[in-house]
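> Need a 3D model of the following:
(2 chains)
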Amino acid sequence: MKAIIIDDEFLARNMVKEYLQYYPEIEVVQECSNGFEGIKAIQQHQPDLLFLDIQMPKINGFEMLELVEQPPAVIFTTAFEEYAIKAFEAHAIDYLLKPFSKERFDKAMQKWQQLGRQEMALQTGQLLEGLGNQPFRSNRIVLKDNGKIKIIPTANIRYLESADDYVKIHTAEGAFLKNRTMQYFEQQLDPQQFVRIHRSYLVNVQLISRIDPYEKDGHLAILSVGVRLPVSKSGYQKLKQLLGI
Amino acid sequence: MVRSITTGKGFYIIFCCWWLAWILVQAAMVERAGFDFLIAFTDALCCNILLAGCCALIVNNMRFYLPRKERYWYLLVVSLVESAIWLLMSKWILKLLFRSNVAYQAFLDQSVPIRYILAFLMIGCMAMIAILWYTLQEQQENDRRKEDAERLAKDAELLKLRQQLQPHFLFNSLNSISALAGSQPEKARHMIQQLSDFLRGTLKKEEHQLVTLEDELHHLQLYLEIEKVRFGHRLQTAINVREEAGKLLIPSLLLQPIVENAIKFGLYDTIDTVLISLDAAQRKGMLELTVTNPFDETTAVNTQGTGFGLASIQRRLFLLYARNDLLLTHANGSVFSTTLLIPQNIYEGHHH
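Alright, predicted model coming up:
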């Protein structure tokens, strides 16, 4: 069995390693100090278990997980006790609040051993889907663009467009794809800034310069950058409410 | 608001009964002096209604003006004066009513001293009761206010404690100690010592207290040592204090959150080694402190304004100096700097 420990603090990684000594069947194949190293290591080793910190340089633990194609079972190790982690309680294999005891660690390992690999993959998948349902708003989006990791501050997003199984994120630098649903983004992004104006469009309201009537009941939102987007009936209601018109 | 003594029915019932009783007593006394019932009753009624009015007046006055110092002299003088006025008025009315009755006129003149003494006692007692009542009310009000203030202060203190203890820092440090305890117990003990010194220093200080920069830097050093154990070689610091700046004054616990912010910002926004620098100098009668940290301009989300948890520092500076221009942030390439200005001549300033 292979495990990877991802934590930006050397001593925190040592702590996990020390407790893992009592599990000779588990081999720590790599230790990583940030999410970038983590993604590479996971692709390279395809581990069975991940010990993951949340607050880390550049991209946090959640953002890193999102970029992994088939995430392994995850045990969070963090001092980050805020609401987000509580909300994940239902889905995570387990999370350990630093500093944690050997007994608490063993309990998490027991939980993991009792689950089959299939179930675990499912559970991590649910964890990620659940992310969008939590009041855990991020002010940036992390994605992979031609194998490179791209961090987009939400303020730089013009609008999002659904594209089959992906969502196309339009920015000044161009469009980027991310393998998530529109619903996910609608929940993840600040509702004061991004409005679902149409089944296929989520727009940054700060960029709307004009709203024109279009055909029978429809409307068109015209962005300051020159883009014209269709607005559905319910989308128009939402815009009216938010902009107070 | 102080509750009036006349609130509720109780007071009026007792007040009325009391005067009714006195009317009867006085009427009986005047009748025994040899006058017919009509005269006796009119005398009693007239005197006591006027007296009741005087008492009501004094009670009402006390509600709005409660004497503090020399209250007993005040009481005495007011009672004497009011009784005198009452006496003149009642005598004048009665004389007018029974102009033709010579015997009654003589009786009235004769009974002046006893009437005066009785009225004085009545008004005096009434005023005394009113004073006691209102003093008691005031005392209860004060107690309630004091309780409220104490509760508020306690709440504020708890909040302050929670903010100062910085749970993330504390729990991560404890985790490091836990890791060290197994392999390097000596180091673990050393770190516990540092953490204790740091926490003690934080708890001991008051927010409004002014300390020298040297003292504050000593406190900061403890914090940096702990952070360096946590982050190892990734965290580098450079502290450069001009000689004259060390003795300058700074409100306690103001610098550490700024450095903490720079460390967080630097460590979580870049992958490489992070250099946090602190420069202190005296400039135009102010202590100028500049903290810098590296950052990535392409991914940093909040480079404008004073985000990054500096809002509370801004607020404190405003409360202390009533100025909003003492905390400045500046992004230059990949270096973010936070500049803090602390006015030094704030107290001497008033003498010029």
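> domain ranges for chain B?
What automatic domain parsing lists as the domains of chain B is B:9-160, B:166-204, B:210-351.
> Which one of these lies nearest to residue A:152?
With Cβ to Cβ, the closest approach to residue A:152 among the domains of chain B belongs to domain B:210-351: 8.4 Å. Heads up, the C-betas are built off the backbone N, CA and C, glycines and all.
> What residues of the element among helices and strands of chain B having the smallest mean pLDDT count as buried?
The weakest-scoring helix or strand in chain B, judged by mean pLDDT, DSSP states H and E, is helix B:311-321 (a mean of 80). By 16 or more other Cβ atoms under 10 Å in any protein chain shown, the buried positions in helix B:311-321 come out as B:313, B:316-317, B:320.
> Let me have the residues you listed in TSV, extended by distance to residue B:285.
Putting the buried residues of helix B:311-321 into TSV (distance: Cβ to Cβ, whole Å) gives the following:
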residue	distance to residue B:285
B:313	21
B:316	20
B:317	16
B:320	16
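> Of those residues, just say which sits nearest to chain A.
Nearest to chain A among the buried residues of helix B:311-321 is residue B:313, at 21.1 Å by Cβ to the nearest Cβ.
> contacting residues around the closest one?
Contacts of residue B:313 were listed using Cβ atoms under 8 Å, 6 or more residues apart in numbering or on different chains, and they are B:254, B:257-258, B:327, B:340.
> next one: residue A:171
With contact taken as Cβ under 8 Å, 6+ apart, residue A:171 is in contact with A:152, A:156-158.
> from those, which are also near chain B?
Residues of the contacts of residue A:171 in contact with chain B (Cβ under 8 Å from any Cβ of the partner chain): none.
> which one of these is nearest chain B?
Chain B lies nearest to residue A:152 out of the contacts of residue A:171, by Cβ to the nearest Cβ, at 8.4 Å.
> Give me the contacts around the helix or strand where the closest one lies.
In the assignment (DSSP states H and E), residue A:152 maps to strand A:148-153. Residues outside strand A:148-153 that contact it (Cβ under 8 Å, 6+ apart): A:36, A:39, A:58-59, A:67, A:139-144, A:169, A:171, A:176, B:298-301.
> now, which of those lie within strands?
The strands, defined by DSSP state E, take in A:140-144, A:169, A:171, A:176 from these.
> Turn the contacts of residue B:313 into JSON lines, columns for neighbour count, distance to residue A:189 and secondary structure.
Shown next, in JSON lines, are those (neighbours: other Cβ atoms under 10 Å in any protein chain shown; distance: Cβ to Cβ, whole Å; DSSP: H, G, I helix; E, B strand; the rest coil):
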{"residue": "B:254", "neighbour count": "19", "distance to residue A:189": "35", "secondary structure": "coil"}
{"residue": "B:257", "neighbour count": "17", "distance to residue A:189": "30", "secondary structure": "helix"}
{"residue": "B:258", "neighbour count": "22", "distance to residue A:189": "31", "secondary structure": "helix"}
{"residue": "B:327", "neighbour count": "21", "distance to residue A:189": "30", "secondary structure": "strand"}
{"residue": "B:340", "neighbour count": "21", "distance to residue A:189": "34", "secondary structure": "strand"}
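> Take these and lay them out in a markdown table including distance to residue B:16.
Formatted as a markdown table, the contacts of residue B:313 follow (distance: Cβ to Cβ, whole Å):
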| residue | distance to residue B:16 |
| --- | --- |
| B:254 | 67 |
| B:257 | 68 |
| B:258 | 72 |
| B:327 | 69 |
| B:340 | 72 |
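> Cross-check those against chain A and keep the overlap.
Among those, no residue is within reach of chain A (Cβ under 8 Å from any Cβ).
> Among the residues you listed, which one lies nearest to chain A?
Nearest to chain A among the contacts of residue B:313, counting by Cβ to the nearest Cβ, is residue B:257 at 17.5 Å.
> Where does the residue of chain A positioned farthest from its centre sit, in terms of helix or strand?
In chain A, the residue that sits farthest from the middle, by Cα atoms, centre = their mean, is residue A:216; the gap is 38.9 Å. Taking DSSP H and E as the definition, residue A:216 sits outside all helices and strands.
> distance of it from chain B?
Residue A:216 is 41 Å from chain B, where distance means Cβ to the nearest Cβ, to the nearest Å.
> tell me the contacts of that residue?
With Cβ under 8 Å, 6+ apart as the criterion, no residue contacts residue A:216.
> Now the phi/psi pair for it, please.
phi -70, psi -80 (degrees, to the nearest 10).
> Now for residue B:49, how many residues are close by?
When neighbours are counted by other Cβ atoms under 10 Å in any protein chain shown, residue B:49 registers 13.
> so the residue lying closest to it once chain neighbours are set aside, which of the three states?
Leaving aside its chain neighbours, residue B:49 sits nearest to residue B:19 (7.5 Å; criterion: Cβ to Cβ, 6 or more residues apart in numbering or on different chains). Under DSSP: H, G, I helix; E, B strand; the rest coil, residue B:19 falls in the helix class.
> Neighbours of residue B:22, how many?
Residues contacting residue B:22 under the criterion other Cβ under 10 Å number 17.
> how about the closest residue to residue B:345 other than its chain neighbours, phi and psi?
Of all residues not flanking residue B:345 in the chain, residue B:285 sits nearest, at 5.0 Å (Cβ to Cβ, 6+ apart). Backbone dihedrals for residue B:285, given as degrees, to the nearest 10, come out at phi 70, psi 10.
> what's the distance between residue B:285 and residue B:341?
Separation of residue B:285 from residue B:341 (Cβ to Cβ, to the nearest Å) stands at 10 Å.
> Buried subset of the contacts of residue A:171 as a ChimeraX selection?
A single ChimeraX command selects the buried members of the contacts of residue A:171 (16+ other Cβ under 10 Å):
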select /A:152,156,157,158
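> Quick check, pLDDT for the residue most central in space within chain B.
With distances taken as Cα atoms, centre = their mean, residue B:149 lies nearest the centre of chain B, 6.0 Å away. If you check residue B:149, the pLDDT there is 79.
> same question, residue B:226
pLDDT at residue B:226 comes out at 94.
> Show me which residues of chain A sit near chain B.
For chain A, the contact set with chain B under Cβ under 8 Å from any Cβ comprises A:8-12, A:14-15, A:18, A:34, A:36, A:55-58, A:79-81, A:97-100, A:139-140, A:151, A:153-155.
> Where does the prediction get shaky in the stretch 151-300 of chain B?
B:156-165, B:207-208, B:300 (pLDDT under 70).
> just the helices in it please.
Taking DSSP state H, counting those that start in this stretch to define them, one finds helices in the stretch 151-300 of chain B at B:167-183, B:185-204, B:213-231, B:255-269.
> Burial-wise, tell me which of the ones you listed comes out on top.
Across the helices of the stretch 151-300 of chain B, averaging neighbours per residue (mean count of other Cβ atoms under 10 Å in any protein chain shown) puts helix B:255-269 on top, at a mean of 21.
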